[in-house]
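1. this one's sequence-less:
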């Protein structure tokens, strides 16, 4: 396998962009990434386009990738459409990485794009539910409720087991809202106190409104190339993809005592990259509901069981901490246009590693970082998709 | 009335019968799953799964009240996981006879299966599905 570097990233701001179809959201991210990388459309040998619910919501059920890329002047090359729920963009990056790592392509493009504001939020919520197995979504299962009651998260049980409180659940949201307030691309830019998060209205007990990622439009893109070609295109620091691991959920019976799949995915990513959790200097992780960040700290090996809230109390994961988590603002503040999120995470890490993150720049430029993305829900009680990407300079 | 997952639900033809779910049991390792599967997820045996009637009763594993709803549903509504005595832990909804109030349900409580419309909405009022209600409530199991 050849070494692969990210040489350019781009993103469309997240939020409500009523008049912009998928292809216009994509255009901004794609051309920002091309110009950042110093490549022209003709330099790209292959492209992977991640999108999750654009078929249901816009009616463009097939060939969304070709439609989006044609609008940006990228035609003729192999274009692969990727639907992998909220991890569609991370999966697209893996496709582009494999193209280059295998030697099939020298330069490849990964895009993630999502349009969720269609003037009917019940329709959007319905479409979101449909990225879980149909047997669940047809019964009215929603992601928000799954965080509250699903056996693998079951926040109320965590409250009993660890003594976590609603204020603990609010801590990641408050921390990340501060980061998001410094991010010009973020959907929600108001810094929130723990109190404000707790006091916001209950969506699904014990989750309050500000603990939940909201509906969002957005896009992100990354240009990857063979590491030895990076200098041909750009003088910027190439960001090496040290590992890019994709896993799927396993069928879990009650009392399954195997390690959580987010944890096994992270372990595989650490092993392939030759690093451990103690080496990470920044992390973007999948906090679709704020308390998930506390659980993911454990699963990524950043702390022991139940220690998540303390990690925030001690300032370890704040912007000034030893390992800042979600410097972009994360899914709740930066935004969660589902099929774009994985690449929004990667774009943020690239900016941080290059020292281009503006007001939210981590003071000591991180050299080893991780993006963790997941999505979907299966009858077998696991998420459908798990992804971990480790980047190095 | 249409049944949401006809392969998963035994709808009684006699009012004295209690409805139940239909899962699969593995001949090789005795694992029971719901809904039915052709390959055992535990021992991966192919062709060893047999149809089994399950889920007439259950224990409440977890519950919450959803304050917003996807299209075709009405908020607020309970969403729950229940443990079936035969083994599976499944997602379900709560029958209409149970008031939607905090404190009504308690994890670990005994539940029983009912068949009723998926939701009181134009899209789902004629779609029959399985739900659970606290077992202590009056009334016989049956379908609406």
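-> It's in. Values in this document were obtained by computation on a predicted structure and should not be read as measured data. Numbering: from 1, shown residues only, chains lettered A, B, ... in the order given.
2. Residue A:160: how many residues sit nearby?
-> Per other Cβ atoms under 10 Å in any protein chain shown, the neighbour tally for residue A:160 reads 10. C-beta coordinates here come from the backbone N, C-alpha and C atoms, glycine included.
3. where does it land in three-state SS?
-> With DSSP: H, G, I helix; E, B strand; the rest coil as the basis, residue A:160 sits in helix.
4. quick one: it from residue A:355, how far?
-> 44 Å (Cβ to Cβ, to the nearest Å).
5. interface residues of chain B facing chain A?
-> Taking Cβ under 8 Å from any Cβ of the partner chain as the criterion, chain B approaches chain A at residues B:4-5, B:8, B:31, B:33, B:35, B:41-42, B:61-73, B:77, B:79-81, B:83, B:87-89, B:91-93, B:102, B:107, B:118-119, B:129.
6. Give me the phi and psi for the closest residue to chain B within the stretch 201-350 of chain A.
-> Proximity of the stretch 201-350 of chain A to chain B (Cβ to the nearest Cβ) peaks at residue A:251, 3.6 Å away. The phi and psi values for residue A:251, taken as degrees, to the nearest 10, are phi -80, psi 120.
7. hang on, it packs against residue B:41?
-> Yes - contact status for residue A:251 versus residue B:41: in contact at 3.6 Å, counting by Cβ atoms under 8 Å.
8. what touches both of the two?
-> residue A:380 (Cβ atoms under 8 Å, 6 or more residues apart in numbering or on different chains).
9. so who does residue 126 touch?
-> No chain was given, so I picked chain A. Going by Cβ under 8 Å, 6+ apart, residue A:126 touches B:70-72.
10. that answer is for a different chain, and I need it for chain B
-> B:1-2, B:117.
11. Let's have the residues you listed in a markdown table, adding neighbour count, secondary structure and pLDDT.
-> Output for those, formatted as a markdown table (neighbours: other Cβ atoms under 10 Å in any protein chain shown; DSSP: H, G, I helix; E, B strand; the rest coil; pLDDT from 0 to 100):
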| residue | neighbour count | secondary structure | pLDDT |
| --- | --- | --- | --- |
| B:1 | 14 | coil | 85 |
| B:2 | 11 | strand | 92 |
| B:117 | 19 | strand | 96 |
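12. tell me which of those residues is nearest to residue A:34?
-> Here the nearest of those to residue A:34, counting by Cβ to Cβ, is residue B:2; it sits at 50.7 Å.
13. The stretch 51-200 of chain A against chain B: which residues are in contact?
-> So the stretch 51-200 of chain A meets chain B at A:122-123, A:125-126, A:128-129, A:135-142, A:144-145, A:148-151, A:154, A:156-157 (Cβ under 8 Å from any Cβ).
14. hey, where'd the strands end up in the stretch 51-200 of chain A?
-> Remark: strands assigned in the stretch 51-200 of chain A by DSSP state E, counting those that start in this stretch are A:79-82, A:107-114.
15. partner strands of the first one, parallel or antiparallel?
-> When sheet partners are counted by DSSP bridges, strand A:79-82 sits next to strand A:46-50 (parallel).
16. Please apply the same query to the longest one.
-> Using DSSP bridges, strand A:107-114 pairs in its sheet with strand A:46-50 (parallel), strand A:217-226 (antiparallel).
17. Find the residue ranges of chain B scoring beneath the pLDDT cut-off.
-> Counting by pLDDT under 70, the ranges of chain B that qualify are B:137-144.
18. The closest residue to residue A:287 other than its chain neighbours: which element?
-> Excluding the flanking residues, the one nearest residue A:287 by Cβ to Cβ, 6 or more residues apart in numbering or on different chains is residue A:293, at 4.1 Å. Residue A:293 belongs to helix A:291-299 when elements are defined using DSSP states H and E.
19. Other residues contacting the next helix or strand after that helix?
-> Sequence order places helix A:308-313 as the next helix or strand after helix A:291-299, per DSSP H and E. Under the criterion Cβ under 8 Å, 6+ apart, residues A:164, A:168, A:171-172, A:175, A:293-295, A:297-298, A:302-303, A:317-318 lie in contact with helix A:308-313.
20. 10 Å instead?
-> Residues outside helix A:308-313 that contact it (Cβ atoms under 10 Å, 6 or more residues apart in numbering or on different chains) are A:158, A:162-165, A:167-172, A:174-176, A:194, A:291, A:293-298, A:302-304, A:307, A:316-318, A:321-323, A:325.
21. swap in stretch A:188-196?
-> When contacts are defined by Cβ under 10 Å, 6+ apart, stretch A:188-196 is touched by residues A:14-15, A:166-171, A:173-183, A:198-200, A:208, A:210, A:213-214, A:216, A:312, A:329, A:332-335.
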